[in-house]
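Chemist: Let's see this in three dimensions:
(chains A, B and C)
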Amino acid sequence: MIVAASLVLIVLFSVGFHLFSPWWWTPIASNWGYIDTTLVITFWITGAVFVAVVLFMAWCVFRYRHKPGRVAHYEPESRKLEIWLIALTALGVAAMLAPGLVVWKRFITVPDDATEIEVVAQQWYWSYRLPGVDGRLGSSGTEWIDFDNPLGINPHDRFGADDVVIDSGDLHLPLGQPVRVNLRSVDVLHDFYVPEFRAKMDMVPGMVTYFWFTPTRTGEFEVLCAELCGVGHGVMRGYVSIDEPEDFDSWLGEQVTFAGLPAGGAVRVAETAEESDP
Amino acid sequence: MSIVLGFVALVAVVALTWLWKQGVADRPWLETGAVTRIPSPGGQPTGRAGLGIFLIVAGGLFALSGSAVSMRMGYADWFEMRLPGVIWIGLALLVLSSLALQAASFAARRGDARGLARWLGAGTVAMTGFLMAQGLAWVRLAESGQSLAATPGASFFYLISGLHVLHVLGGLAALARVGARQGRGPAEAATAIGLCAIYWHFLLIVWIAMLAILTGWAADAAALCRAILS
Amino acid sequence: MSSVSEDPDSGIPPAEVPDLPPPHAHGWWSRWVFSQDAKYIALQYSGTAIAIGMVALVLSWLIRMQLGFPGVFDFISAEAYYQFITMHGMIMVVYLLTAIFLGGFGNYLIPLMVGARDMVFPFVNMLSFWMYFAAVVVLVASFFAPGGPTGAGWTLYPPQAILSGTPGGTGWGIVLMLVSLILFIIGFTMGGLNYAVTVLQARTRGMTLMRMPLTVWGIFTATVMALLAFPALFVAAVMMLFDRLLGTSFFMPALVEMGQQLSYGGGSPIVFQHLFWFFGHPEVYIVALPAFGIVSDLIAVHARKNIFGYRMMVWAIVIIGALSFIVWAHHMYVSGMHPYFGFFFATTTLIIAVPTALKVYNWILTLWRGDIHLTLPMLFALGFIVTFLNGGLTGLFLGNVVVDVPLSDTMFVVAHFHMVMGVAPIMVIFGAIYHWFPLISGRMLSHRLGLIHFWVTFIGAYAIFFPMHYVGLVGVPRRYPDISASFVPDSVATLNAFISVAALTVGAAQILFLFNFAWSLRYGRKAEPNPWRAASLEWQTPEMPPRHGNWGKELPVVYRWAYEYSVPGASRDFIAQDDPGHPASWSHVP
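Modeler: Below you'll find the predicted structure:
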């Protein structure tokens, strides 16, 4: 009796907690509402299963608890029932997997009109690089890193000359513009994580990874690292500001380019976009 | 990870077939009573099964190493190893050792005590020769600028050949134990020698497979097959 | 398939190897230290596992003290915090759960349940325990090494695991951890050889595979998986040791650490992740499958009803074991691996949910129309079903690749794996101990103390990990000693404090259990033979606790499957497996 009641209480507590607790995801600031939708579908299906199974369990524990004279029913198997249950479960699983895979396809397909930026992670701060007037990021590598060239931009690559360098500062992005976020690490694994954007990906030293998103509301959002990277992992923070396009442009104009840094002085700076065509 | 997945798939096919033959589709509640079929479940010899399981584990270990190599080979900075010639002498010695152990196994089954002792000795000498060839190979590699940390290929070569040598040493220790006990009579030793021979063949096959992967021959063969099939 | 004779003594083929007595102990050392009796080795494994598990439990209290009350405990620095979580995780998963299910329950129950006198290679079995013990000693040594133990996370990802920004990275910590794992794996291969070959070759006459209890199926399948999966961790550990000690670059790309160009180059951290998770995912099923098998038997015995759908349960165990080798990269969705792998692994991961769900249905269908005795083993089994269901369902969130993207590396993941790998299997371990304590000791554990232990543990553990999912949903990352951030409301801090209090309470209840165990060994109520009236073979030994050699003069002969409970027309509500009954009652497949 107590056991059955506790099982029912667990169901009520769990459902109640879900519905009435203040703890839910942060309001989204990107186009990835599809992820939230898939999450909600999953909650409905798994929630229904949890409630149904535990309540049935509670009923069984109550109805079939031992009483003098009770004899258990002898039924080794029921093929029909098991096949039904398998079919139903497969259906439920497919109902969650299908939308998930559709959204994943979108997640990995960067739209043609996306701009590119680069996030460079190291122990334990964030740096950023935006393409300059030429719209292209110059090549880079750890072999170029030194005190004057903290992001390791290739000083012999003219496309890098006008790259905007933000060494350990805050990133700004324009509202409504899809952006492909290239991710690079100089030392260990990190992960560029802004909860409001939903999208994130590890950065792996020795390769360039990516994700893409479109900011959908202005504001200042905190950046955290989401892949253990040493003792400073918990304090590797930064901020991303989503600005109106005009504000973004004026912010961009104030930033330093690679050519403006001591290491980049030797590279010829392109004055216009045409000049930088190969 | 395709190499180790292929290995696991192979093990799975063998296991699932065996399970099927053991009656995993039966309904046991419908079958009460004494079981009379042969072979009966109950009290089966353990040596072969134990060795078989161990070979699956060791095979998995080398399959994983092979997978790791082939994943690494996909990177732009991979280049072919220059293997010293003594490697091939070692391989020949390994083949001879396998043949000797197989002959020893036949001798034991025949009850030929002298032949057994002779072939066991030959097998041990050949295997020791293989170990010496491997040692020489390591020295030669280091001399040619391919020391352990120098190139990715060298790192894998030392790692995999090192694991292989450890397994060879274990095999020699087991063989020594079996050899010491064969004084009691060749018939008793027949099963044990047979198992050693199987292990020797396993060591040979693994080494050939690893060499094929490390020299890039396996990758070329796979590319050829893909080209033929598509 | 099998042909069943009507006359008990005609034509049953004899065993192919003679029934030899197992090795006998000759002195103090070979009796109490280097015993080759699987029952004793089982107790050695279990005792060591629980002892090191207590260390991990204390570490979990320290972790919760920091998370619930940040800033209060100054001695918990960031370095210390990372060392705590790493050692807690590694000990719990590998040195406690794997060791106790396979080395502890496997060693004790397999020979008894299949009708053997002992494991087939007793000397190797003894060695396997001492390798495990050596691995534990090396692991504990890392606590005392200069620089302390590794703080790289139980997943030990390179490059950070062997660099100076991580505790133990350039010191002894990571080296001792890797050496300990290598020793553990060698030892476990030796043990696994025993468990697998004993089930394959040493079953007593009449014990077909389909007459084995699900406990044996679970442990056997887990053993086979372990034999295939642990080599991956072995190779990864050796390669990482080479990188750390010999300067190779298996996993180390060219990198600049704190302004210094290091001499590594060309390696791939992602290859480590593939190798690690090729081991790591089967590992969680290596822990789960024995739990599945054991809980099936607990429910069947204490509901006096055969496990519903035995055949499907066997197939589900085997299929889950096989599928578990092709889902590993669901731990790597955001690792930067090729995105197309996401489609494949999300599909296989969600497919594996189907046989797992079937098992849950069958456990409940066993309860349905049963005769449910709410003994402690049954209570813990019920607790298992609830927590495993919860944990398994949240796995569906994480398995669905795109839903995993925001949730990965948050407290949602921590809540999921604790519920499904921590709470649920631990429920089974407790249930199993309450169930088999009379077999091992001849006495019963105290029911009253057990009730307190059960309710505090079950409700408490649920109260710890269920709300934790929502902390993760808010976006709070894992592996953060201090979880304050701009988007985290203050109420989360209150929730964390509540979770910590619940954790410490549950921790205290385990002390109650230890006391019950120790006290009952001496003063517990003496148990009658086969007190739970179970049908499986381990309860049918001539003496309880079973003596060396288990079966006395003659091995048992098995005539029926392991779940003859409440058979219509039978005189009692169970029929033992070695009970021939009346030949007229025998049946065979036409």
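
Chemist: my guess is B:Trp207 contacts B:Leu94, does it?
Modeler: Yes: using Cβ atoms under 8 Å, B:Trp207 makes contact with B:Leu94 at a distance of 6.1 Å. The C-beta positions use only the backbone N, C-alpha and C, and glycine is treated the same way.

Chemist: Can you give me every residue that contacts the residue in the stretch 151-278 of chain A that chain B sits nearest to?
Modeler: The nearest approach of the stretch 151-278 of chain A to chain B comes at A:Gly206, 8.9 Å away (Cβ to the nearest Cβ). The neighbourhood of A:Gly206, defined by Cβ atoms under 8 Å, 6 or more residues apart in numbering or on different chains, consists of C:Pro253, C:Ala254, C:Leu255, C:Gly266, C:Gly267, C:Ser268, C:Pro269.

Chemist: Equivalent analysis for C:Met332, please.
Modeler: Counting by Cβ under 8 Å, 6+ apart, C:Met332 has contacts C:Ile270, C:Gln273, C:His274, C:Trp277, C:Phe341, C:Phe345.

Chemist: let's see it at 10 Å
Modeler: By Cβ atoms under 10 Å, 6 or more residues apart in numbering or on different chains, the residues touching C:Met332 are A:Asp202, C:Ile270, C:Gln273, C:His274, C:Phe276, C:Trp277, C:Phe341, C:Gly342, C:Phe345, C:Ser408.

Chemist: Just give the closest residue to the fourth one, not the sequence neighbours.
Modeler: Spelled out, it's C:His274. B:Met1 (5.7 Å; Cβ to Cβ, 6 or more residues apart in numbering or on different chains).

Chemist: List the contacts of that neighbour.
Modeler: B:8, B:63-64, B:67-68, B:70-71, C:232, C:271, C:274-275, C:278, C:326, C:328-329.

Chemist: for chain B, what helix or strand is lowest in average pLDDT?
Modeler: Scoring the helices and strands of chain B by mean pLDDT, DSSP states H and E places strand B:34-35 at the bottom, with a mean of 78.

Chemist: what lines up beside it in the sheet?
Modeler: Sheet pairing of strand B:34-35 (DSSP bridges) gives strand C:4-5 (antiparallel).

Chemist: Got phi/psi on A:Leu224?
Modeler: Dihedral angles of A:Leu224 (phi, psi; degrees, to the nearest 10) stand at phi -130, psi 160.

Chemist: okay but it is in contact with A:Val240, surely?
Modeler: No: in this structure, A:Leu224 is not within contact of A:Val240 by Cβ atoms under 10 Å, at 11.0 Å.

Chemist: Looking at residue 215 now. What's its pLDDT?
Modeler: Since you didn't name a chain, this refers to chain A. Looking at A:Pro215, its pLDDT is 95.

Chemist: actually chain C
Modeler: Here the pLDDT value assigned to C:Thr215 is 97.

Chemist: need the contact list for it.
Modeler: Contact analysis of C:Thr215 by Cβ under 10 Å, 6+ apart lists C:105-106, C:109-110, C:113, C:290-298, C:432, C:436, C:536, C:538, C:562.

Chemist: Could you list which of these belong to strands?
Modeler: Secondary structure from DSSP state E places none of these in strands.

Chemist: Give me the subset of the residues you listed lying in helices.
Modeler: C:109-110, C:113, C:290-298, C:432, C:436 (DSSP state H).

Chemist: By neighbours, which of those wins?
Modeler: C:Pro290 (34 neighbours; other Cβ atoms under 10 Å in any protein chain shown).

Chemist: quick one: low-confidence parts of the chain?
Modeler: With no chain named, the answer covers chain A. Judged by pLDDT under 70, chain A has its weakly predicted residues at A:263-278.

Chemist: wrong one, chain B
Modeler: For chain B (pLDDT under 70), the answer is B:36-43, B:182-188.

Chemist: following the helix or strand harbouring A:Glu116, which helix or strand shows up next?
Modeler: Assessed by DSSP states H and E, A:Glu116 sits inside strand A:115-122. Once strand A:115-122 ends, the next helix or strand along the chain (criterion: DSSP H and E) is strand A:125-130.

Chemist: and which of the contacts of A:Gly206 is nearest to chain B?
Modeler: Looking across the contacts of A:Gly206 and measuring by Cβ to the nearest Cβ, the closest to chain B is C:Gly266, at 4.9 Å.

Chemist: burial measure for that closest one, as a count.
Modeler: 19.

Chemist: From what I see, it and B:Ser155 are in contact.
Modeler: Yes: assessed by Cβ under 10 Å, C:Gly266 is found in contact with B:Ser155 at 9.5 Å.

Chemist: Overlap in contacts, those two.
Modeler: With Cβ under 10 Å, 6+ apart as the test, C:Gly266 and B:Ser155 both reach B:Arg72, C:Thr248, C:Ser249, C:Phe250.

Chemist: all helices for chain B, in order.
Modeler: B:2-21, B:47-73, B:86-110, B:113-143, B:152-181, B:186-214, B:217-229.

Chemist: how about TSV for those, with mean neighbour count and distance to A:Arg136 added?
Modeler: Formatted as TSV, those follow (neighbours: other Cβ atoms under 10 Å in any protein chain shown; distance: least, Cβ to Cβ, whole Å):
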stretch	mean neighbour count	distance to A:Arg136
helix B:2-21	15	36
helix B:47-73	21	31
helix B:86-110	20	48
helix B:113-143	18	43
helix B:152-181	18	31
helix B:186-214	20	40
helix B:217-229	11	34
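
Chemist: what angle do the host helix or strand of C:Val55 and helix C:107-114 make?
Modeler: According to DSSP H and E, C:Val55 maps onto helix C:38-68. Between helix C:38-68 and helix C:107-114, the angle comes out at 130 degrees (axes from the mean of the first three to the mean of the last three Cα atoms, to 10 degrees).

Chemist: got the buried residues for helix C:38-68?
Modeler: Across helix C:38-68, burial judged by 16 or more other Cβ atoms under 10 Å in any protein chain shown covers C:38-46, C:48-50, C:52-57, C:59-68.

Chemist: closest to C:Asn125 among the contacts of B:Met1?
Modeler: C:Ala232 (24.0 Å; Cβ to Cβ).

Chemist: Which residues are in contact with that closest one?
Modeler: Counting by Cβ under 10 Å, 6+ apart, the residues that C:Ala232 touches are B:1, B:4, B:60-61, B:63-65, B:67-68, C:185, C:274-280, C:282-283, C:325, C:328.
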